[in-house]
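Student: heads up, no residue letters with this:
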């Protein structure tokens with residue numbers, strides 16, 4: 001039987017910890033036998049959770065015979081992993097053990113040097129920090145998970161489910177993974193390269209900036225064709241001066257800002273209306289459905305239809 005060791009460190013995130021325990025613990029082979037033996041292990045017999053204490057039945061020695069090690073994320077401000085944890089992960093990696101992380105658990109793998117020279121992901125809110133702290137890691141903030149073969153990383157808790165199901169599928173095939181997915185009440189698997197469905201907040205503008213009125217004007221006029229000249233005219237500046245000041249104050253260009261604003265409007269409409277793609281393309285100012293699909297996918301990482309399928313409002317069930 002395949003053994004999965006789930007590593008519990010201080011300030012472990014409850015949902016990240018529960019994800020591999022639930023997925024691997026519920027997976028069943030066609031004959032009904034459990035597909036995995038799951039062990040929770042850690043450097044100490046008791047660790048702190050977000051709002052609870054957790055007794056850990058196995059020490060780090062449980063990593064020695066594990067086929068897979070999963071490292072859940074820990075809360076912001078958690079202490080760095082103890083040196084013995086990093087060394088145990090390095091030793092396991094040297095034996096060829098598969099090692100995966102959920103959310104900011106990627107920081108532990110990176111601290112052990114396991115991700116050097118590899119692509120990896122984490123929750124989008126922590127991606128920039130991961131890239132700065134570990135420059136040898138190729139951080140990909142716009143995907144759900146990355147499978148490098150031996151080392152795998154995922155984004156937030158939901159992406160952790162996707163990654164665990166992906167590993168079940170690799171180990172035992174689609175039928176076993178589909179059964180585990182049904183028990184988790186979720187779709188079998190979103191592709192790892194799919195985006196995290198996050199359009200980052202627009203860069204802040206200093207309070208009282210001359211750009212504030214033009215940004216409000218852009219939001220009010222997204223349905224029309226807006227050019228750089230139109231935006232500059234709203235500020236009474238030349239296009240060159242406007243572009244320079246815009247970049248100085250926001251870190252991006254006016255047209256990049258405009259694209260993000262259009263995508264955010266389209267996301268809202270996809271989530272909250274049943275308008276067709278053609279109508280949303282016009283309301284968000286993309287000009288044509290083709291341009292809308294291409295630019296939406298470039299920013300969000302998936303198609304408008306797929307985004308609506310995941311995040312659109314569901315009709316209420318009728319009583320009786």
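Tutor: That came through, no problem. These numbers were taken from a predicted model, which means no experiment stands behind them.

Student: quick one: furthest residue from the center of the protein?
Tutor: In the chain, the residue that sits farthest from the middle, by C-alpha atoms, centre = their mean, is residue 236; the gap is 40.8 Å.

Student: spatially nearest residue to residue 29, not counting backbone neighbours?
Tutor: Leaving aside its chain neighbours, residue 29 sits nearest to residue 35 (5.2 Å; criterion: C-beta to C-beta, 6 or more residues apart in numbering). Bear in mind the C-beta positions are built from the backbone N, C-alpha and C, glycine included.

Student: which parts of this protein are helices?
Tutor: Here the chain has its helices, by DSSP state H, at 14-26, 83-94, 106-111, 124-133, 157-172, 174-183, 211-220, 228-235, 239-250, 254-272, 277-283, 289-300, 304-311.

Student: residue nearest the middle of this structure, spatially speaking?
Tutor: The chain has residue 155 as the residue nearest its centroid, 3.3 Å off, counting by C-alpha atoms, centre = their mean.

Student: go ahead and confirm it touches residue 103.
Tutor: Yes - between residue 155 and residue 103 there is a contact under C-beta atoms under 8 Å: 6.7 Å.

Student: shared neighbours, those two?
Tutor: 122-123 (C-beta atoms under 8 Å, 6 or more residues apart in numbering).

Student: could you pull out the strands in the stretch 1-150 of the chain for me?
Tutor: Listed in chain order, the strands of the stretch 1-150 of the chain (DSSP state E, counting those that start in this stretch) span residues 2-7, 36-41, 46-48, 53-55, 68-71, 98-101, 119-120, 138-139, 145-147.

Student: tabulate those in TSV, adding columns for mean neighbour count, mean pLDDT and distance to residue 130.
Tutor: Shown next, in TSV, are the strands of the stretch 1-150 of the chain (neighbours: other C-beta atoms under 10 Å; pLDDT from 0 to 100; distance: least, C-beta to C-beta, whole Å):
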stretch	mean neighbour count	mean pLDDT	distance to residue 130
strand 2-7	25	94	18
strand 36-41	20	94	24
strand 46-48	16	86	23
strand 53-55	11	87	25
strand 68-71	27	96	14
strand 98-101	26	96	11
strand 119-120	22	92	8
strand 138-139	20	91	5
strand 145-147	24	88	12
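
Student: so which of those comes closest to residue 218?
Tutor: Closest of those to residue 218 is strand 138-139, at 30.4 Å (criterion: C-beta to C-beta).

Student: and the closest one, what does it pack onto?
Tutor: Contacts defined by 3 or more C-beta pairs under 8 Å, 6 or more residues apart in numbering; DSSP states H and E place strand 138-139 against strand 119-120, helix 124-133.

Student: buried residues in the longest one?
Tutor: With burial defined by 16 or more other C-beta atoms under 10 Å, the residues of helix 124-133 counted as buried are 124-127, 130-131.

Student: how far off centre is stretch 51-71?
Tutor: Here stretch 51-71 is found 24 Å from its chain centre; the criterion is C-alpha atoms, centre = their mean, to the nearest Å.

Student: now the end-to-end length of it.
Tutor: 19 Å (C-alpha to C-alpha, to the nearest Å).

Student: show me the contact partners of it.
Tutor: With C-beta under 8 Å, 6+ apart as the test, stretch 51-71 has contacts from 2-9, 12, 14, 17, 20, 39-48, 84-85, 88-89, 91-92, 97-102, 105, 108-109, 164, 167.

Student: how does it look with 6 Å?
Tutor: 2-8, 20, 39-43, 45-47, 88, 92, 97-101, 105, 108 (C-beta atoms under 6 Å, 6 or more residues apart in numbering).

Student: domain parsing for this structure?
Tutor: Residue ranges for each domain of the chain read 2-183, 211-311, as given by automatic domain parsing.

Student: may I have the distance across the first one, first residue to last?
Tutor: Spelled out, that is domain 2-183. Domain 2-183 has an end-to-end distance of 19 Å (C-alpha to C-alpha).
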